[in-house]
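Asker: Output the structure for:
(2 chains)
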Amino acid sequence: DTGVSQNPRHKITKRGQNVTFRCDPISEHNRLYWYRQTLGQGPEFLTYFQNEAQLEKSRLLSDRFSAERPKGSFSTLEIQRTEQGDSAMYLCASSLAPTGANVLTFGAGSRLTVL
Amino acid sequence: KQEVTQIPAALSVPEGENLVLNCSFTDSAIYNLQWFRQDPGKGLTSLLLIQSSQREQTSGRLNASLDKSSGRSTLYIAASQPGDSATYLCAARGANSKLTFGKGITLSVRP
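Answerer: Residues are numbered from 1 along each chain as shown, chains lettered A, B, ... in the order given. Predicted structure coming up:
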């Protein structure tokens, strides 16, 4: 297993377009998280799944954002009608829970640039 | 609501110096605290994780400590090298499994 994989690594789009990011977690991990990081800031929590169930969503996740994890394996994060303020690095992480440590392993991220 | 603070935002040191990076958090009811490294434009690499019941963890030249009662953690880097130049983020994990991150400290180690 090569860790958490995210695609595409970089996406440039025009304002108003839709974009979708994919995350493939570590295969035995049942939890999957999405975070967003803007320049000079720490990552901010967006949402997380346990298996296919979306258990929590941040207020940052406006109605233009939707995340799915249909079979409890990979996840997609879709942003509709992108705005310049959506430009950020979108980070995915996975973990095995419940365990004592529940250590999150992050992917390399998907960078979104909205022109 | 948990808030995590890392001060200063940037630090520049000469090679070979021992240094301490600070992290403070407002809610002491944490499950663990994790230190990450982030290179420019890259994702996060986990360095050390300290459980709430532990006081410190060590890995090579890195040592992280945790004082829950005072809401502080430190990352000690011994004999710093230019390759240590990166942004270091700390993150506190709450009961809901979410990580709350600080803004990070950008470290530059001068040859």
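
Asker: for residue 49, what are its contacts?
Answerer: All of this refers to chain A. Residues in contact with A:Phe49 (Cβ atoms under 8 Å, 6 or more residues apart in numbering or on different chains) are A:Arg31, A:Leu32, A:Tyr33, A:Leu55, A:Ala67, A:Arg69, A:Gly72, A:Ser75. C-betas here are computed from N, CA, C, even on glycine.

Asker: actually chain B
Answerer: A:Ala101, A:Val103, B:Asn32, B:Leu33, B:Gln34, B:Trp35, B:Gln57.

Asker: Now list the buried members of the contacts of A:Phe49.
Answerer: With burial judged by 16 or more other Cβ atoms under 10 Å in any protein chain shown, the buried subset of those is A:Arg31, A:Leu32, A:Tyr33, A:Ala67, A:Arg69, A:Ser75.

Asker: Please name the bridge partners of the most centrally placed residue in chain A.
Answerer: Central residue of chain A (Cα atoms, centre = their mean): A:Trp34, 3.2 Å from the mean position. Assessed by DSSP bridges, A:Trp34 has beta-bridge partners A:Thr47, A:Cys92.

Asker: Next: A:Gln6.
Answerer: With DSSP bridges as the rule, A:Gln6 is bridged to A:Cys23.

Asker: circling back: in strands, which of the contacts of A:Phe49 appear?
Answerer: A:Arg31, A:Leu32, A:Tyr33, A:Leu55, A:Ala67, A:Ser75 (DSSP state E).

Asker: pLDDT and distance to A:Asp86 for those residues - can I get that in JSON lines?
Answerer: As requested, the ones in strands among the contacts of A:Phe49 are exported to JSON lines (pLDDT from 0 to 100; distance: Cβ to Cβ, whole Å):
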{"residue": "A:Arg31", "pLDDT": "92", "distance to A:Asp86": "25"}
{"residue": "A:Leu32", "pLDDT": "94", "distance to A:Asp86": "20"}
{"residue": "A:Tyr33", "pLDDT": "94", "distance to A:Asp86": "18"}
{"residue": "A:Leu55", "pLDDT": "90", "distance to A:Asp86": "23"}
{"residue": "A:Ala67", "pLDDT": "96", "distance to A:Asp86": "14"}
{"residue": "A:Ser75", "pLDDT": "97", "distance to A:Asp86": "18"}
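
Asker: Could you tell me which ones among these also sit near chain B?
Answerer: A:Arg31, A:Tyr33 (Cβ under 8 Å from any Cβ of the partner chain).

Asker: ok, the ones in strands among the contacts of A:Phe49 vs chain B, which is closest?
Answerer: Nearest to chain B among these, counting by Cβ to the nearest Cβ, is A:Arg31 at 7.0 Å.

Asker: where do the strands sit along the chain?
Answerer: All of this refers to chain A. With DSSP E as the criterion, chain A has strands at A:5-7, A:10-13, A:19-24, A:31-37, A:44-50, A:53-57, A:65-68, A:75-79, A:88-95, A:105-106, A:110-114.

Asker: Sorry, I should have been clearer: chain B.
Answerer: B:4-5, B:10-14, B:19-25, B:32-38, B:44-51, B:56-59, B:62-67, B:72-77, B:86-93, B:99-101, B:105-110.

Asker: contacting residues around the residue of chain B positioned farthest from its centre?
Answerer: Distance to the chain centre peaks in chain B at B:Pro111, reaching 22.6 Å (criterion: Cα atoms, centre = their mean). By Cβ under 8 Å, 6+ apart, the residues touching B:Pro111 are B:Glu15, B:Pro82.

Asker: what does B:Ala86 give?
Answerer: B:Ala86 sits in contact with B:Arg37, B:Gln38, B:Asp39, B:Pro40, B:Thr106, B:Leu107, where contact means Cβ under 8 Å, 6+ apart.
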